[in-house]
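Visitor: Just need the structure, nothing else, for what follows:
(chains A and B)
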Protein chains: 2
Amino acid sequence: MTERGRDLSGVFAPERIAVVGATEREGSVGRAVTANLLADFEGEVVPVNPGRDSVLGVRCVASVADADADLAVIAVPSSAVADVLEETGEAGVRDVVVLTAGFGETGSTGATRERELREIAAAYGMNLVGPNSLGVMSSPVGLNATFGPDALPPGSISFMSQSGAFVTAVVDWASEAGLGFNDVVSLGNKAVLDETDFLREWGGDPETDVIVGYLESISDGRAFVEVAREVTDDTPVVVVKSGRTDAGAQAASSHTGAIAGSDRAYETALAEAGVIRAGTVQDLFDAARAFASGQDIATDGVAVVTNAGGPGVMATDAVGDADRLSLASFTDDTIGTLGEALPDEANRYNPVDVVGDADVGRFEAALDATLSDPGVGAGVVIVAPTATLDFGALADAVVDLGAEHDVPVAVSLMGGPRLAEARETLRDAHVPTYFDPARAVSGLDTLAEHRAISGRERREPERFDVDRDRVRETLAAVREREDNQLGVEAMDVLDAYGIPTPVGEVVDDPADARELAERIGGPVVMKIVSPDIVHKSDIGGVKVGVEPGDVADAYEDLVARARNYQPDARLLGVQVQELIDVDAGVETIVGSHRDPQFGPLVLFGLGGIFVEVLEDATFRLAPVAAADAREMTGEIDAAPLLRGARGRDPVDLDAVVDAIGRLSQLVADFPAIVELDVNPLVATPEGVQAVDLRLTVNPEELP
Amino acid sequence: MTERGRDLSGVFAPERIAVVGATEREGSVGRAVTANLLADFEGEVVPVNPGRDSVLGVRCVASVADADADLAVIAVPSSAVADVLEETGEAGVRDVVVLTAGFGETGSTGATRERELREIAAAYGMNLVGPNSLGVMSSPVGLNATFGPDALPPGSISFMSQSGAFVTAVVDWASEAGLGFNDVVSLGNKAVLDETDFLREWGGDPETDVIVGYLESISDGRAFVEVAREVTDDTPVVVVKSGRTDAGAQAASSHTGAIAGSDRAYETALAEAGVIRAGTVQDLFDAARAFASGQDIATDGVAVVTNAGGPGVMATDAVGDADRLSLASFTDDTIGTLGEALPDEANRYNPVDVVGDADVGRFEAALDATLSDPGVGAGVVIVAPTATLDFGALADAVVDLGAEHDVPVAVSLMGGPRLAEARETLRDAHVPTYFDPARAVSGLDTLAEHRAISGRERREPERFDVDRDRVRETLAAVREREDNQLGVEAMDVLDAYGIPTPVGEVVDDPADARELAERIGGPVVMKIVSPDIVHKSDIGGVKVGVEPGDVADAYEDLVARARNYQPDARLLGVQVQELIDVDAGVETIVGSHRDPQFGPLVLFGLGGIFVEVLEDATFRLAPVAAADAREMTGEIDAAPLLRGARGRDPVDLDAVVDAIGRLSQLVADFPAIVELDVNPLVATPEGVQAVDLRLTVNPEELP
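Guide: Numbering: from 1, shown residues only, chains lettered A, B, ... in the order given. Model prediction:
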């Protein structure tokens, strides 16, 4: 486990760098990194090589101990790294980048070596990047401590990548793509420093407008979520988490040896952490470009100003597709101003079409009027090449107006060479440009997404008063069984956590069954209880609406059916339960699944037979705060059924929310609960009833 | 209505072009188009201007009659266009492009003028592009009959656009984006020639590898679908149809005055036509780029060959997201060959990671082996910049191997300047390149989509033997009513078309009700029948499971409830119907909605109360062939319920398919049926029963 709360400023802004393994051998990592460091770094570079006097014209020292450095870059063979690291620690160097490969990614010998590095780093309290890292870069001090790309174009994006090649690719592409960076790190094998450390570092960095990441795994899921929640209150974080699909996940694990958590867990965790997840590289950097303007979006209304009708329609379609944005409705004032500024054939409503013969002045007037409108939080400007327009002057006007109104503007430059100058002007001013109007809109949509994230309230899960001892006892029952599954016989765990269950018990005698039914006082449901019979209804093992007088016969019949189905099935008895009128409510499901990276996830969805078929469900990390549980009830497609569709009374949502919260506390309190299904949880206008249960226990985690 | 089956070769390959309205006035359309024509056109250009001797150095004639042209380009003021067109027709010129604006797009005067043009064109049998068109372009003959963009980069994409500005934008962007075109047309107002005409023209054109369109409306929906079905058997067609969202649709109609059909109808019609719909401009041209290689994909398996692990994972994710593609599983032979060609640390399974130190030879060997694999239909090559690789040589190798194996290859060039030369080599050879691996994959995915489209069988809807007269009589009932809604009293129309309905009738007397119930012989369902009471169950107007002995009392009670709810409601009686056990089957819905552009759409989905909440439904144009109806039953999310989820027997799918087909014939036969809901159509293992009906009739269309 990584020690949290490190100061990583020395990694990105060192004064004196020791390059251990510096050499002049062509094609070597040691030469490449030395050359890259010597190119632009503002501080001093000290090659360390006992066999040479100088490297690339710079005087060498024999050992890192002689370098008096505050950052060490290590590029020696893998078998020598541990010794060098030890020396580095002894020399009092706190920050280290290990470029050398041949560790955890190569198998068990490498993994042992990597553990050794971790121990040495821990002993000396060192911040270690890598091993198997391409290195680190930082534009403010001209730092290029990598063996890959050329100099970093300056900017306000800070970028971490679990793929070194991807760093080289992005930095090479950056100037062409109009991207500028502050810090860049290739995470390598994350033996010590991982994504969470850099997240925290950059979250507190005033030079970073947006944190961008390419991740294949997250080392410590809960820590990441906790830190990201804090950071994303201010700084937007956008990541591609690859290995999304089954096929992708296989490739990821064979690539890095990291155990990828299931994608559903990542999806849930990233959302709760306030991290914006990009599906593709393009989406990642489209978002980065939008954030790099440093401007915030004040409301979700977008104004579109275009000199071409068709592309205006495309932008409007894209606004319709956006998660957050909507097409702003202008005030009468705005419409009046536009009316005066534009010719008759122009459209003064949104999207504003200034028409093909517009000059810069007309564009400017339209943009000024719309960006002044209180309902407008962002502008999309669409420019198609025409004979009448001075594109350079238009670009200047867009830059000035965006700054003057402090409203983020994205520009769709629908052309090639004719608009090249405008593109350059806009990019220099950090105004994002795209060809496709849809991409301009989706860039702005991520600004709106971040606004929602940073404005969210801190939600603390409630601590319910529960009976943990009863749960402990019930779960312990698996110790005496051959499997680790519990069914209705464990309904008690729900009751102990205050989740309503129908009156009922498991009995092992027809007379007891009848007595219980009479106590319940009406028709009952009877179910065979056996760990060997999973699908009870398929063998006729469930009887609904049995009158007390018939209960004893029904008992015998159920047992006979079970015996007939499987003579050696272990029978725990028959559950006799109060009859819940399912038709009077909605069958929902509340469940939990324990993820290796992020711990228990809680599911809420449409229950009954629809669970598997429609998969209409939503997830949170446990424990779940009441406000989140309430959101969950609104997120499923079937939510209108809960709110009372077609003239039915709405169900008691407070009771649903309460049940989700209590169940989430149950799975958070008991790591032994690996899987849990309450299906159905019948929700009616009067409350909820947990009618059936399935539960998987990990005996090794039993308290 | 456009006359179909025209020969448009003269529009794109004329020999002598008259430019009516040619002038030297700066900034005029007449000057711009003359200059553009004079630049590169292989044939002759004849300016027509009675007031001048020459235009831009070329001798003028006074009238189009003197020009002896086979194509006339008209750029005179809108008030003069009709006269010029008349002259043009008299002069025997068959093909005409009208650039002049000020017609249908400007209001009623313009619309009248446009009708006039249509009449003149019809009288002379002229092919007329426009009015309000930017013009036409064709690269084989150097034709640029537009007043917009510069010369067209040659290639095999043919492109139609309902936005002139978008043509200018795309052509300016084309060389930078690596796009080459054969023909381009700006459709303008589509007074005569529309999208269907150009679709047919290019469908038969050997120089066109892919047809690309930007459309805001489709003029004649059914004709478009019919022609597109033919064309897409060979030639891929990809369109952006804008105005997708409600907001977008509003902008579209205010822009062109075209009545946009609902998007659902477009979605359905384009799918049935075999047209691939792109959501954005980028998707449109990504697809175009993939098709422009002219290669077909033989199977859906993709091989990924990469020199960087992370981007390989991204590509794998994208293959997982793709609609059609899958990651190919290599044969043992392929894996063996890869094993010999690659070092130990490389991954010889898919995605093939040739590792960062790969040279061209290693890349080449891996690509050769994978493209030889019988399970591989397409290749994705990912190139990240490294020190060891000669990118130009690699590009040559990729071009050669793709051609040699005749397998389409898309390349993700993950870099900027370092890969510029490789990018140029690949584009010159029509090998599509992208930065983002996901875009490379999605380009190939559209090839697979086209393969599925071109391989589909021709499906003819069955003609069922039905009783049209009974339907005619039943529908005529609305003539005597104040509204145009029919309910269960019209169940007869279903019976007449052979769709099973429960035994039942509408009676208006308690004794008749009882007699009917006795005839049915068991518990019945009773419903109040009144055009004024839409939600019968909300007022207690439905009774389920009434025994024959109780039917008379129930009748009185239902009538009392209706009277109590609305004293002046028109009561048509009470429907007494055989009780169908809904729980024994699945409640589905079959319905229809008549679209102004495409005629009746047929819906199939999950019925009952879930219809509105889950919207789990799929659509086809009527009439629906049996094979399509069967596909519909598999397309809804709830399809597993029909196939017998959780140990239940599957429903009688043949009966569902039959009901869809018969209902589709009903709405195709009767244009008077505007809306129709059969909900629920209860599907059981024994068959289907149409339990309830709602039907809206347009009395003006009654036969």
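Visitor: State the helix or strand in which residue A:282 lies.
Guide: Counting by DSSP states H and E, the element that carries residue A:282 is helix A:281-291.
Visitor: Is that helix in proximity to chain B?
Guide: Yes: residues of helix A:281-291 contacting chain B under Cβ under 8 Å from any Cβ of the partner chain: A:281-282. For every residue, glycine as well, the C-beta is placed using N, CA and C.
Visitor: Give me every residue in the stretch 351-500 of chain A that's in contact range of chain B.
Guide: Selection of the stretch 351-500 of chain A residues close to chain B by Cβ under 8 Å from any Cβ yields A:351, A:353, A:356, A:384-388, A:414-419, A:435-439.
Visitor: Swap in 6 Å and give it another go.
Guide: Neighbours of chain B within the stretch 351-500 of chain A, by Cβ under 6 Å from any Cβ of the partner chain: A:351, A:384-385, A:414-416, A:418, A:436, A:438.
Visitor: farthest-separated two in these?
Guide: The largest separation in these, counting by Cβ to Cβ, is between A:351 and A:416 at 23.1 Å.
Visitor: Show me how far the helix holding residue A:282 is from its chain's centre.
Guide: 16 Å (Cα atoms, centre = their mean, to the nearest Å).
Visitor: and after that helix, which helix or strand comes next?
Guide: In N-to-C order, the element after helix A:281-291 by DSSP H and E is strand A:301-306.
Visitor: Give the other helices and strands that that following strand contacts.
Guide: Using 3 or more Cβ pairs under 6 Å, 6 or more residues apart in numbering or on different chains; DSSP states H and E as the contact criterion, the elements in contact with strand A:301-306 are helix A:309-321, helix A:360-372, strand A:378-383.
Visitor: Turn the ones you listed into CSV, including mean pLDDT and distance to residue A:149.
Guide: Output for the helices and strands packed on strand A:301-306, formatted as CSV (pLDDT from 0 to 100; distance: least, Cβ to Cβ, whole Å):
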stretch, mean pLDDT, distance to residue A:149
helix A:309-321, 93, 33
helix A:360-372, 96, 37
strand A:378-383, 97, 32
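Visitor: of these, which approaches residue A:632 most closely?
Guide: Here helix A:309-321 is closest among those (Cβ to Cβ), at 24.5 Å.
Visitor: Who are the packing partners of the closest one?
Guide: strand A:301-306, helix A:437-454, helix B:246-256.
Visitor: Give me the angle between that helix and helix A:437-454.
Guide: Helix A:309-321 and helix A:437-454 are oriented at 30 degrees to each other (axes from the mean of the first three to the mean of the last three Cα atoms, to 10 degrees).
Visitor: between helix A:309-321 and helix B:281-291, how big is the angle?
Guide: 110 degrees.
Visitor: Convert helix A:309-321 to CSV, retaining C-alpha atoms only.
Guide: The C-alpha trace of helix A:309-321 is given here as CSV (Å, rounded to 0.1, in the frame of the first residue of the first chain):
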residue,chain,number,x,y,z
GLY,A,309,-27.4,26.4,-42.0
GLY,A,310,-26.6,22.7,-42.5
PRO,A,311,-23.7,22.7,-40.0
GLY,A,312,-26.0,24.6,-37.6
VAL,A,313,-28.5,21.8,-37.7
MET,A,314,-25.6,19.3,-37.1
ALA,A,315,-24.6,21.3,-34.0
THR,A,316,-28.2,21.4,-32.8
ASP,A,317,-28.4,17.6,-33.2
ALA,A,318,-25.2,17.3,-31.2
VAL,A,319,-26.7,19.5,-28.4
GLY,A,320,-29.7,17.2,-28.4
ASP,A,321,-27.3,14.2,-28.0
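Visitor: how about the strands of the stretch 51-200 of chain A, start to end?
Guide: Residue ranges of the strands in the stretch 51-200 of chain A, as given by DSSP state E, counting those that start in this stretch, are A:54-55, A:58-59, A:71-74, A:95-98, A:127-129, A:135-138, A:143-146, A:154-161, A:181-186.
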